[in-house]
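Trainee: pasting the sequence and the predicted model now:
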Amino acid sequence: MSYDRKLIDVGGSAISTIDVGYGPAVVLASGFLCDGYSWLPQIELLATQYRVIVPELWGHGLSGPLPTDVGSMRDVARQYLELFDALEIDQCTIAGVSMGGMWGAELALMAPERVSGLVLMDTSLAAEPAATHAAYMGLLDAVEQHRGFPEPVIAAAAPLFFSSAADDRDPALKAEFVARLRSWNPRRVVDSVVPLGRLIFDRRDALAELSALTMPVIVATGAEDQARSIAEGRAMAARIDCSFVEIPGSGHTPSLEAPEFVNSLLTEFLALQLSDQR
């Protein structure tokens, strides 16, 4: 199934956004190097009861280039607040994977009255550890120099997104991811993808601030995620004083690799929110 995307001008650049269904607003925030269709199993389910909004990151999907004044995760959150205003979303639940969880949490800290609930999956609000920071920045340097994703970078990056069993369960997942990397527009790689990657890995340490979140929150991490560890997820849940869930059989892309588990997680979380509001 495919969905039309709206192009919403924010900061002088278009954010491509899937906007389907009716009811309380649920924003599904994608991870780095993933487009809106990484949430396809969740969109199909949730749009029967909710207004589902799936914005695509700059340089991803149909979105335009990263605005020149966006240089931090808090800047990203401010841009999404502008998007919410443009879409007339007064309040929403945000479910974010990886970078989507990073900006989602920053937005919840910045404007808590706009966020009724928060699901943080396979993400971290702590600063990037020195060893992985160096490794990821080296990969981004190679991508920038190549103006695309050279095969050694693809070989290093692809396993970070999926569990060891992904190829046996659904070989198309990793194959489609690799094909997308190989076909990425060189201009978009340089003007958006590389700067976004550096912004992610240079993110501030916001871990201590998470205790200020008062809306319902749940943290979840794939049991086989090589990019964001179980320990990082547990550390965030401890700061927030919320539940932590380990997603079985999943790597860094649980919405696609463990769709039934993620669907259950989201529907139960959203149902509890609705019952609390009655």
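Mentor: Everything's here; your move. Numbers count the residues shown, from 1 in each chain.
Trainee: which residues touch the lowest-mean-pLDDT helix or strand in the chain?
Mentor: Lowest mean confidence among the helices and strands of the chain (mean pLDDT, DSSP states H and E): helix 166-169, at a mean of 87. Outside helix 166-169, the residues within contact range by CB atoms under 8 Å, 6 or more residues apart in numbering are 173-174, 249, 251, 257. The way it works is simple: take the backbone N, C-alpha and C, and place the C-beta from them, glycine included.
Trainee: apply 7 Å and report the result again.
Mentor: 173-174, 251, 257 (CB atoms under 7 Å, 6 or more residues apart in numbering).
Trainee: most surrounded residue in the residues you listed?
Mentor: Highest neighbour count within those: residue 251, with 27 neighbours (other CB atoms under 10 Å).
Trainee: near residue 62, how many other residues are there?
Mentor: Residues near residue 62, counting by other CB under 10 Å, number 15.
Trainee: surely it and residue 56 touch.
Mentor: Yes. With contacts counted by CB atoms under 7 Å, residue 62 reaches residue 56, the gap being 6.4 Å.
Trainee: touching both of the two, which residues are there?
Mentor: Shared contacts of residue 62 and residue 56, counting by CB under 7 Å, 6+ apart, come down to residue 16.
Trainee: which secondary structure element is home to residue 95?
Mentor: Following DSSP states H and E, one finds residue 95 within strand 92-97.
Trainee: okay, now the sheet partners of that strand, with direction.
Mentor: strand 25-29 (parallel), strand 115-121 (parallel) (DSSP bridges).
Trainee: could you list the residues in contact with that strand?
Mentor: 25-31, 84, 103-104, 107-108, 115-123, 254-255, 266, 270, 273.
Trainee: can you redo the strands paired with strand 92-97 as JSON lines with mean neighbour count?
Mentor: What follows is the strands paired with strand 92-97, written out as JSON lines (neighbours: other CB atoms under 10 Å):
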{"stretch": "strand 25-29", "mean neighbour count": "25"}
{"stretch": "strand 115-121", "mean neighbour count": "26"}
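Trainee: tell me which of these lies nearest to residue 132.
Mentor: Counting by CB to CB, residue 132 lies closest to strand 115-121 out of those; the figure is 18.5 Å.
Trainee: pLDDT of the helix or strand following the closest one, averaged?
Mentor: Note on strand 115-121: by DSSP H and E, the next helix or strand toward the C-terminus is helix 130-146. Averaging pLDDT along helix 130-146 yields 97.
Trainee: for the helix or strand that helix 130-146 is followed by, which positions count as buried?
Mentor: Counting by DSSP H and E, the element after helix 130-146 in chain order, helix or strand, is helix 151-161. Buried residues in helix 151-161, counted by 16 or more other CB atoms under 10 Å: 153-154, 157-161.
Trainee: for helix 151-161, name the packing helices and strands.
Mentor: Packed against helix 151-161 by the contact rule (3 or more CB pairs under 7 Å, 6 or more residues apart in numbering; DSSP states H and E) you find helix 130-146, helix 171-182.
Trainee: those helices: which one's closest to residue 262?
Mentor: With CB to CB, the closest approach to residue 262 among these belongs to helix 171-182: 14.0 Å.
Trainee: cool, thanks, talk later.
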